[in-house]
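> fold the following and give me the result.
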Amino acid sequence: MLLKLCSTCSDQPPPERALYIRVVTAELERLHSHLLWAGVAAKLIGFKTMFMSCFAIREIILNALEAISGNRVNYAMNCVGGVNRDLPDPSLVLRAVDAMEKEISRSIIPIFTTNRIVKTRCNGIGVLTTEQALSCGVVGPVS
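Have a look, this model is predicted:
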């Protein structure tokens, strides 16, 4: 169903449903992004199985985004004052999130947090001493 949920008057706030749809789309994109980079990190440490697991879960999200917007990358959901379309099937999003949550809890989190290979390859990486940070002029949250 294509329904433009926009307030065309600048004095009126966007419809409440449009705000929810924006959040759903943005959160799915955020999860997609995290899984993309978790998969890339796994690949870079030589853990190809974890790479494939991350990308398989990522595919669930991409399928949900495609069902919502018709696209897997550029969703074109937001417009001034709301969103361009309604969610065609909100239960699809819930099913995708449930499936993703189960798979992440079952495989991704335990492996990234307890696996001996992951711990060995990541231990001590990216650690700066105070002296190193000062000599490099490091600023921000690492200082």
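> now do the strands in the chain.
5-6, 78-79, 82-83 (DSSP state E).
> poorly predicted segments of this protein, please.
1-11, 142-143 (pLDDT under 70).
> how about the residue nearest the centre of it: what's its closest non-neighbour residue?
By C-alpha atoms, centre = their mean, the chain has its centre lying nearest to Leu31, at 1.8 Å. Distances taken as C-beta to C-beta, 6 or more residues apart in numbering put Ile61 closest to Leu31, at 5.6 Å, once the chain neighbours are dropped. Every residue, glycine included, has its C-beta placed from N, CA and C.
> what segments of this structure are helices?
16-44, 48-69, 90-103, 109-114, 116-122, 130-136 (DSSP state H).
> and those helices, which is most packed in?
Counting by mean count of other C-beta atoms under 10 Å, helix 48-69 has the highest mean neighbour count of the helices of the chain, with a mean of 18.
> just want the angle from that one to helix 90-103.
On the basis of axes from the mean of the first three to the mean of the last three C-alpha atoms, to 10 degrees, helix 48-69 is oriented at 170 degrees to helix 90-103.
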